[in-house]
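**Q** kindly return the folded structure for what I paste below:
(4 chains, ligands or ions: 4)
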Amino acid sequence: MQHSEPVDPGLSPLLRATGLGKSFPGVQALSGVNFDLFAGEVHCLIGENGAGKSTLVKILAGVQEADAGTFEVNGKAMSFANPQDSQAAGVACIFQELAVVDGLSVSENILLGDEPGRFGFFDSKAADVLAQDLLDSIGFSELRADQPARDLSAAQRQAVMIAKALRQNARVIIMDEPTSPLEEAEVRKLFKVIDRLRAAGKGIIYVSHKMREIDELGDRITVFKDGHRVGTVTRGAATPEDLVRMMVGRKLDTLFPARDSQPGAPTLEVRGLSNPHIRNIDLTVRRNEILGIAGLVGSGRTEMLRAIFGADRVSSGTVTVENAPVPLNSIPAAIEAGIAMVPEERRSAGIVPVLSVADNTAIIWDQYVNRRAHDGPRSDAIQKIIEMLGVRTASVTQSISALSGGNQQKVVVGKWLLSQTRVLLLDEPTRGVDVGAKKEIYQIIHDLAEQGLAVVFVSSELPELLGLADRIVVMNGGEIVGGLSGDATEEQVIELSMLHAATPILTGEHP
Amino acid sequence: AAETAVETAASTFSTDLCEPIDKAAVADIPGAVSGFTGYASAPGMWLTEPEASALTGKRIAMSVMSLGHPYFQAIANHWETLAEKYDFELRVFDGRFDAGTVQRMVDDIISYAPDGVAFAPLDSAASVPQVKRMLDAGLKVVTYNVQPAEMVAPRVFANDFDGPRIVGCNLARYFQAKFPERDPVIGIVDQPELLQVQDRKNGFLYGFLSLMPEARVAQAVNGGGVIDKANAAASDLLQAHPDINVIFGINNDSSLGTVAALKAVGKYSDEWGALASVDGSEPIMGELGNPVSPLKAESGYGPYDFSLAAFNLLAATIEGEADETTQVVVGYPPIIPTEDGIESWLAQQYPR
Amino acid sequence: MSDVATPHSTAGMGQKFLSNRNMVLTAATLAVLVLMCGVFATLTDRFLTVSNFQNVMRNAAPVIIASCGMTTVMIARGLDLSVGSVLAASSVIAGSLAVAGVPLYLAFLLAVLFGAAVGAVNGVIIAGLAVSPIIVTLGMLNIARGAAYLISPSAILVGLPSGWSFLGTAKVLGLPMPIVIAGIVVAVFYVMTSYTTFGKRIYAIGGNEEAARLSGINIKRTLLWLYVMCGMTAALAGVVLSSRVGSGDPNIGVGFELQVIAAIIIGGTSLSGGEGRILGTVIGALIIGVLANGLNLAGVEPFWQFVAQGLVLIVAIIVDRLVQDGVLKMRKGA
Amino acid sequence: MSDVATPHSTAGMGQKFLSNRNMVLTAATLAVLVLMCGVFATLTDRFLTVSNFQNVMRNAAPVIIASCGMTTVMIARGLDLSVGSVLAASSVIAGSLAVAGVPLYLAFLLAVLFGAAVGAVNGVIIAGLAVSPIIVTLGMLNIARGAAYLISPSAILVGLPSGWSFLGTAKVLGLPMPIVIAGIVVAVFYVMTSYTTFGKRIYAIGGNEEAARLSGINIKRTLLWLYVMCGMTAALAGVVLSSRVGSGDPNIGVGFELQVIAAIIIGGTSLSGGEGRILGTVIGALIIGVLANGLNLAGVEPFWQFVAQGLVLIVAIIVDRLVQDGVLKMRKGA
Ligand SMILES: Nc1ncnc2c1ncn2[C@@H]1O[C@H](COP(=O)(O)OP(=O)(O)OP(=O)(O)O)[C@@H](O)[C@H]1O
Ligand SMILES: Nc1ncnc2c1ncn2[C@@H]1O[C@H](COP(=O)(O)OP(=O)(O)OP(=O)(O)O)[C@@H](O)[C@H]1O
Ligand SMILES: [Mg+2]
Ligand SMILES: [Mg+2]
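**A** Ligands and ions are numbered 1, 2, ... in the order given. Model (predicted):
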């Protein structure tokens, strides 16, 4: 298939890369990649996990050096040895891994490296004003410039990083999956910012796995696969389905597998669970059931899952699995009872970077010998999971930190499949995962439910919530504020989430 | 005219031990714990430089507790002079005041396989097996300074109890003459983990209390034997007991730290009270000869004497003329605080 | 946008919150110190006196001075084990120069510059080659100690000019000189860490080196400066200490680095960097100083002092933690 | 999908790759050791002899034994400063028990159990209350040292049974006993860290504590065990050392913790946890042991030995780093 190459005779590109190549031990992350970016456009990069998007971004940001190829900025050949070079050339980058310093305030973070003040003194008044202006300009005025960064949510951290990029006054702004930690309203804010930047003549490289965003933002879209550029299309020249086909190499049918079994007997029962972040949580999840949890950021979904799993202390309440009470406040007790949790923050809570893929996969299997779901040698059990989830890794003994974000997430889900899990708690399990892998994960979740698991599925992406869940519970302010059936509409869910934002009501029973 | 404090100290000075006037006052003071104290044999012939030495042409290992200490620095210097004069190869090993280092050093000396070893133990008890290890490896060994707790090799040592006891006697004699009205209150700047230091402390107390049984021991603080820690400890001692007017520093660093502490609180004066220590290194001799300094009694611990005696004893050992029963006692000559006394001590023991 | 925050009201609030957090942490450490002083005051009436206050402060001054430099190094996730040896080397350098007739102020200055040079070597190797600060500064610990002995194998006391003890014993407005010097150093480092751009960058490097690097901060140069300053404060501590004990002595400062590190960690700086407060360090140094002093004044037997010191350290860090948790929880609840 | 690893072939490959990486790192450290031995061998012909080899090994044995336990603590991001004092306390405990007529094997066993108890206290406080291991174990350093002096203020010699020196001086198949014991301890810890699930847990805790916790690893219990084992190896080192030196001595082991930490870090374990190798630690301990021995045999002047030791440490860590980088780069290119 031949895709249209952009021809813009009048303008020379802000940035042009030719024949870029980069290899890691066992992986050709990029090879022969040509790429260009013009002023006033949003150029989206898409591709499966591990396709090489972040690698390209890192080369342009001066974090990694290319093995082959050249690139130029404003027609001048460049080679970036470090981030300073890249910034000096007018390239700013918001990385997939957020780079916020906890010990500093918001304004200190935003202005770090280019601080206001005289004689070496940090002018914190000026800094706060500057930072507040930047935050206001991207619609995050509720963030206070002098707030400690330690307490920020992921979304707020993202805002800080965007403000920081704006501060650098760059002509090229690169955003690597900026919306992963954002909720819908914040995504809208960000898009407004991007529109404004585009109008101001900046060039924006935008990496994402979310087709809706690509569809909405992308002036041009470049598709990567296995380190190669598959092609570049201009807006409207391809449907989302076309793009997915380019990425995956084949047509993806419906993302969500059809459910055929009906929920069975209650497996997980939660009654009156409370702690400083959640109040009086009552939940019943049945065999074969996928329960979706909706809510705005900060509504307490994560805290609820952590409390059930024993990761956060609870002050009162009960949790039972198949009518057997689970001792509270103990992760091992929860695991023994068959509860599993995939945490929200993959890097800080999901993987152990120093360990290999195999050791990360087998971490539960290793410890809960009497709960092993797979018999036989460890390596076979690991291989089964690696194959089942299609984890792309040079070898299972490779350090997991060398894997792409999506592939890391597959391992974090996969480790629970090696033990006898009855209740699977998933906190944003598809965040940062490519479309193909998403579909696979949906399929896995579906299959697991079909096999009799009770699944609790937290997601901020309503389509997947609605597509997968048998039933949806909406949270707000640390409480459950209502329930909907699986065939509800997005509007209904949003309405319920927002409706109770001010005055949460207590509901004991859900449909 | 009133005599100066130095003159008082000189006139009350004696080289004799004093006997307790009230046995009950010293009854509780532990006797010597670090080993032998009973030898009274004069070092006599061991302290003369011979015409020729059996060490000539040999490889000799000599160890010191810590080379960063003026006493051992002087010892090393004396040995180097001797090595030059009698033409032998000398290798100095530094124990760095550390039990572990000394242990390893012993093994390294064995690996070095010298013809003779002059070994300075760090601890009287722990040194016994160390010396045995060297003997088992076929080395000729003498020890000097701290004495091993058992007779394992010929040794040069000092009477750590009686030497400081004379200091105690002399300080009491001075105190009685200088402050006839005052009741002595004693503080010790101590280093409790070393046995031979406990002998020094107890010997001093025995001597002082022999003449002034009414004296009260207020406190012993741990000064670690180094000037910075001793200074802090002495400051605390003075703070805890403002009535203290007698201090014994278990070595020169301890008393120098005390001098600095006295200066810091404005008590540095011959009128404050009396200070004593043992060792007789160069800086403390300046205090001893200084009329306004409270330091008024000192017994020497002479590096030259120890060096020469160990040198002669090692030669005798190599020639088979000495065995583990050969004991040479040197050290702790009381130093009279006159210009002559101080100068003649320094000239021989710490030559410039 | 209508919901633009009014700059000043919120700025004030946030400032307060931020400094409050630091204040809470510092207050917890202070509570431990006060508690300890209370106990000692009931044990002996010699403890709570002006003269003993001066005594403790005078003794703690070298630790305080050296730990200011080290605190910043540790905030940036570094470590310097060589401070005790640098202190000793600085002591004999100042001493030998003074004996050789160099004017005192120049001798002291040169000793401090020596500290800067040692720090520079540490910094160049650690930052430049990205090797473990522990091993490099452990190496430097040995080298500086050796240098001290080579310069003067034993204490220098003879021939020191009469002014030698000025820094250690003189008084300014009734305050002993070491306290005054420590106060100045603390003030400088307090301002540096709290109010300067350089200070912010130290926290950034320690808290998230990658973020700092991506912000264009020159990590190597910053680290180099930190080690230089750490060497300088260690050498200054050496000058003050040797002025106080009246000699230049190559044997001083053995184990000093552990005291400094303990003071800093009790003061709330963590080994993993990114967090730390100069005032906390000062309180930590005082806790250690008061501990030794109080036990001596209370007349605790030397061997039992080891035990008591250990117990108090452990209890102190536990109390510190509990007070912090308690207060932070209360404030969160409020 | 073609790029999904096929079970068997790649597992084999991967295994090799991983062990290769560890091998490269260990080999780099080994290169430093060999280089150092080469230099000393040319300086003096007394260095490269069987008896000196045994001498070095025998002297390094206590450091090796104690650093096995400490390595695992450090992999899990902990630290234990009390090892030197525990060694001394264990020494006098075994000595006093033996003198009191307790059978030797029981005296040694009780001393090691004492180490376990100290470790348990460290572990309970550090893991249970989540406070700084530095301060807690610094406190324990003081307590254990005080205990050692209180049990026996000076070396215990009189009344030790004749078998006392067995562990220190006997030979097994021509190998000195301390070396044999060290070998066994190393083997146990090597297997534990490399091949057991407990070992994986240690790396997981050091690598990402939160992820480890959410994977159901009982962090507190694991840390507790690590500190217990660290206390036990320190006490065992104390038993071996006192058996070799023929006395129970409360003065030994001052500064021992720095030697142990240096050995571990030279061996490639980092203070920030998650990475480390027992074999690297062993080589690190030998580097430190050879250094002191070689300088003595080569007749370097005592004060210059400080300088030389420091320089060699620094050069060693730099060479180590360069060799690592070089080899890893080469392999990457290949
Ligand atoms: N530091 C590294 N060492 C080894 N391999 C690496 C490293 N960084 C990336 N890789 C590999 O390079 C390939 C490209 O990774 P990259 O992060 O660019 O993918 P991506 O397209 O950004 O994926 P994702 O959508 O999951 O973020 C992957 O196979 C990855 O495993
Ligand atoms: N203890 C806390 N202190 C300060 N802020 C908190 C605390 N707990 C939660 N928050 C804030 O609430 C936000 C989200 O809470 P939580 O994770 O429970 O929400 P959620 O519904 O799971 O949302 P999401 O997972 O989409 O972020 C956090 O990002 C954080 O900013
Ligand atoms: Mg990526
Ligand atoms: Mg969440």
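**Q** can you tell me, leaving aside adjacent residues, what's nearest to C:M36?
**A** C:V290 (5.8 Å; Cβ to Cβ, 6 or more residues apart in numbering or on different chains). No exception for glycine: its C-beta is placed from N, CA and C like everyone else's.
**Q** interface residues of chain C facing chain B?
**A** By the rule Cβ under 8 Å from any Cβ of the partner chain, the part of chain C lying against chain B is C:44, C:46, C:49, C:51-52, C:55, C:58-59, C:149, C:153-155, C:157-158, C:165, C:168-169, C:176, C:241, C:244-247, C:249-254, C:292-293, C:296-297, C:299, C:302-303, C:305.
**Q** hmm, try it at 7 Å
**A** C:46, C:51-52, C:55, C:58-59, C:149, C:153-155, C:157-158, C:165, C:169, C:241, C:244-247, C:249-253, C:292-293, C:296-297, C:299, C:302-303, C:305 (Cβ under 7 Å from any Cβ of the partner chain).
**Q** can I have the buried ones of those as a PyMOL selection?
**A** Buried residues among the residues of chain C next to chain B (16 or more other Cβ atoms under 10 Å in any protein chain shown), as a PyMOL selection:
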select buried, chain C and resi 46+52+55+58+59+149+153+154+155+157+165+169+241+244+245+246+247+249+250+251+252+253+292+293+296+297+302+303+305
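**Q** hang on, the earlier thing: ok, the residue nearest to C:M36 - contacts?
**A** C:33, C:36-37, C:40, C:56 (Cβ atoms under 7 Å, 6 or more residues apart in numbering or on different chains).
**Q** low-scoring pLDDT stretches of chain B, where are they?
**A** B:1-2, B:33-44 (pLDDT under 70).
**Q** point me to the residue of it nearest chain A.
**A** The nearest approach of chain B to chain A comes at B:G100, 33.7 Å away (Cβ to the nearest Cβ).
**Q** element containing that residue?
**A** Secondary structure from DSSP states H and E places B:G100 in helix B:99-112.
**Q** then A:A159?
**A** Per DSSP H and E, A:A159 falls inside helix A:154-167.
**Q** who touches that helix?
**A** Contacts for helix A:154-167 (Cβ under 7 Å, 6+ apart): A:92, A:94, A:98-100, A:106, A:109-111, A:114, A:131, A:134-135, A:138, A:140, A:143, A:149, A:152, A:173, A:178, A:181-183, A:186, A:193, A:297.
**Q** now do the buried residues in it.
**A** A:154-167.
**Q** same thing with stretch A:474-481?
**A** A:474-481.
**Q** from ligand 3, how far out is A:E464?
**A** As judged by Cβ to the ion, to the nearest Å, A:E464 and ligand 3 stand 20 Å apart.
**Q** dihedrals phi and psi, that residue?
**A** phi -70, psi -30 (degrees, to the nearest 10).
**Q** OK, contacts around it?
**A** A:E464 makes contact with A:T430, according to Cβ under 7 Å, 6+ apart.
**Q** and the residue of chain A positioned farthest from its centre, how far from C:Y190?
**A** Most distant from the centre of chain A: A:F119, at 41.9 Å, with distances by Cα atoms, centre = their mean. Distance, A:F119 to C:Y190, using Cβ to Cβ, to the nearest Å: 17 Å.
**Q** Three-state assignment for residue 201, please.
**A** As the question left the chain open, I've gone with chain A. Assigned by DSSP: H, G, I helix; E, B strand; the rest coil, the conformation of A:G201 is coil.
**Q** kindly report the same for B:F97.
**A** B:F97 ends up coil, using three-state DSSP.
**Q** quick one: pLDDT of A:L11?
**A** At A:L11, the predicted lDDT confidence score is 66.
**Q** now swap in the one 10 residues further on and tell me
**A** Turning to A:G21, the model gives it a pLDDT of 92.
**Q** now do C:S9
**A** pLDDT, C:S9: 41.
**Q** which members of the buried residues of stretch A:474-481 additionally contact chain B?
**A** Among the buried residues of stretch A:474-481, not one lies near chain B by Cβ under 7 Å from any Cβ.
**Q** what comes up buried for stretch B:122-139?
**A** B:122-134, B:137, B:139.
**Q** those residues in helices, which ones?
**A** The members of these that map onto helices under DSSP state H are B:127-134.
**Q** using TSV, lay out these together with distance to C:A127.
**A** Output for those, formatted as TSV (distance: Cβ to Cβ, whole Å):
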residue	distance to C:A127
B:S127	46
B:V128	50
B:P129	47
B:Q130	44
B:V131	48
B:K132	50
B:R133	46
B:M134	47
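**Q** can you pull out the strands in chain B?
**A** With DSSP state E as the criterion, chain B has strands at B:59-64, B:89-94, B:116-119, B:141-144, B:155-157, B:185-190, B:216-222, B:246-249, B:274-279, B:295-300, B:327-329.
**Q** the fifth one packs against which elements?
**A** With contacts defined as 3 or more Cβ pairs under 7 Å, 6 or more residues apart in numbering or on different chains; DSSP states H and E, the secondary structure elements packing on strand B:155-157 are strand B:141-144, helix B:303-318, strand B:327-329.
**Q** and the angle from the second one to strand B:274-279?
**A** The one in question is helix B:303-318. Calculated by axes from the mean of the first three to the mean of the last three Cα atoms, to 10 degrees, helix B:303-318 forms an angle of 30 degrees with strand B:274-279.
**Q** who touches the residue of the stretch 201-350 of chain B found nearest ligand 2 in this structure?
**A** In the stretch 201-350 of chain B, the residue that lies nearest ligand 2 is B:A232 (45.1 Å; Cβ to the nearest ligand atom). Contact analysis of B:A232 by Cβ under 7 Å, 6+ apart lists C:59, C:292.
**Q** the buried residues of stretch B:122-139: which ones sit near chain D?
**A** Residues of these in contact with chain D (Cβ under 7 Å from any Cβ): B:123, B:125-126, B:128-130.
**Q** so which of those residues is the closest to ligand 3?
**A** Nearest to ligand 3, judged by Cβ to the ion, of these is B:A126 at 62.7 Å.
**Q** measure the closest one to D:L241 for me?
**A** In terms of Cβ to Cβ, B:A126 sits 11 Å off from D:L241.
**Q** before we move on, back to that, wait, doesn't the residue of chain B closest to chain A sit right on D:I252?
**A** Yes - proximity of B:G100 to D:I252 meets the contact threshold set by Cβ atoms under 7 Å, at 5.8 Å.
**Q** count of residues packed around residue 261?
**A** Defaulting to chain A. Residues lying near A:S261 (other Cβ atoms under 10 Å in any protein chain shown) number 13.
**Q** actually, chain C is the one I wanted.
**A** 24.
**Q** check which helix or strand covers it.
**A** C:I261 belongs to helix C:256-266 when assigned by DSSP H and E.
**Q** mind giving me the packing neighbours of that helix?
**A** Counting contacts by 3+ Cβ pairs under 7 Å, 6+ apart, helix C:256-266 packs against helix C:50-75, helix C:83-99, helix C:278-297, helix D:133-151.
**Q** where does the prediction get shaky in the chain?
**A** Looking at chain A here, since you left the chain open. In chain A (pLDDT under 70), the answer is A:1-11, A:96-98, A:251-253, A:498-511.
**Q** was after chain C, sorry
**A** C:1-19, C:328-334.
**Q** so which of the helices and strands packed on helix C:256-266 comes closest to B:G302?
**A** helix C:83-99 (25.0 Å; Cβ to Cβ).
**Q** buried stuff in whichever helix or strand comes after that closest one?
**A** Remark: after helix C:83-99, the chain's next helix or strand is helix C:104-129, criterion DSSP H and E. Going by neighbour count (16+ other Cβ under 10 Å), the buried part of helix C:104-129 is C:104, C:107-108, C:110-112, C:114-116, C:118-127.
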